[in-house]
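**Student:** Sequence first, predicted model second:
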Amino acid sequence: MINATAVAQASGMGRRTNTVLQTCFFALSGVLPKDEAIAQIKKAITKTYGRKGEQIVKMNFAAVDTALAGLHEVAIPAEAAAEAVASIPPSFPHAPEFVQKVTARLLADQGDLMPVSAMPLDGCWPTGTARFEKRNIALEIPVWDPAICIQCNKCALVCPHAAIRAKFYDPAQLAGAPEKFLSVPFRSTGIPGQRYTIQVAPEDCTGCSLCVQVCPAKGKTNPRHKAIDMATQPPLLAAVRANYQHILQSWRI
């Protein structure tokens, strides 16, 4: 095992883990002797990134060397621990019956245990079931700063997984909103009195940061701070999840 993201970040590679994982593959697979494999990887790095500058090459070299140091073995016991339990299907109490009885079991890797009769007889699969498949893979998620947002909606437009929602709405829809739910006046003379929110779906986001790249709104005192910035996900998850559930219910999306 290896914490590829930590190695990449320590080497200055950001979230680019391809060099780290490639090094681990050749170190473990035995396709080539390890020393020869590492030499070939560095040769390929020089050829691929040499034109981008020596610093880029050095960062990739550092990722290779650090990967070998960070790779460690995890022993698998011959017998399962006494307290080990079989995986159970995730719970979707408010989902349609098909999701509860079929999708949930598939997500729990129990497809082979299901009877054929559980599948639709005509082969038609209900739509909208993918929204229950929360992969929760992002180490960082976008955080909205309404104080400098210009409400251009570019972040919602560019998101490849529709994990950012932008909407204006009647203030009455704020009833029952979580304590940390963010809302500002909607900038429109044609539709006065409305509220506006940018909301992230924390478990659907992949952490690609395209929203940050496309955001044009910058802080006046800190130009590196935008209306959308990436932040570590785990401490934010519970609150952002509650906010997202609120918009699903109140906005009916």
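**Tutor:** Happy to help now that I have it.
**Student:** show me what contacts G193?
**Tutor:** For G193, the contacting residues are P171, by Cβ atoms under 8 Å, 6 or more residues apart in numbering. The way it works is simple: take the backbone N, C-alpha and C, and place the C-beta from them, glycine included.
**Student:** 10 Å instead?
**Tutor:** Contacts for G193 (Cβ atoms under 10 Å, 6 or more residues apart in numbering) come out as 170-171, 185-186.
**Student:** per the record, what domains does this structure have?
**Tutor:** What automatic domain parsing lists as the domains of the chain is 4-70, 97-132, 140-250.
**Student:** Tell me how far V99 lies from P115.
**Tutor:** According to Cβ to Cβ, to the nearest Å, V99 stands 17 Å off from P115.
**Student:** Counting neighbours, go ahead and name the busier of those two.
**Tutor:** Just comparing V99 and P115: by other Cβ atoms under 10 Å the higher neighbour count belongs to V99, 20 against 6.
**Student:** Am I right that the more buried one is in contact with T127?
**Tutor:** No: using Cβ atoms under 10 Å, V99 is not in contact with T127; the gap is 11.5 Å.
**Student:** returning to that earlier point: would you mind giving the domains of the chain as TSV with distance to S91 and mean pLDDT added?
**Tutor:** Formatted as TSV, the domains of the chain follow (distance: least, Cβ to Cβ, whole Å; pLDDT from 0 to 100):
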stretch	distance to S91	mean pLDDT
domain 4-70	29	88
domain 97-132	7	88
domain 140-250	14	94
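**Student:** Minimum distance to A80: which of those has it?
**Tutor:** For A80, the closest of the domains of the chain is domain 97-132, at 16.0 Å, according to Cβ to Cβ.
**Student:** in that closest one, what counts as buried?
**Tutor:** 99-100, 102-105, 107, 129, 132 (16 or more other Cβ atoms under 10 Å).
**Student:** ok, P96 - how many residues close by?
**Tutor:** 14.
**Student:** I'd like to know how far it sits from T129.
**Tutor:** 8 Å.
**Student:** Find the residues that touch each one of these two.
**Tutor:** 102-103.
**Student:** about what we covered before: between the contacts of G193, which has the most around it?
**Tutor:** F186 (17 neighbours).
**Student:** and that one, how far is that from L157?
**Tutor:** From F186 to L157 the distance is 17 Å (Cβ to Cβ).
**Student:** go on, I198?
**Tutor:** The value you get for I198 to L157, if Cβ to Cβ is used, is 12 Å.
**Student:** And the strands in the stretch 151-253 of the chain?
**Tutor:** 164-169, 184-185, 195-200, 228-232 (DSSP state E, counting those that start in this stretch).
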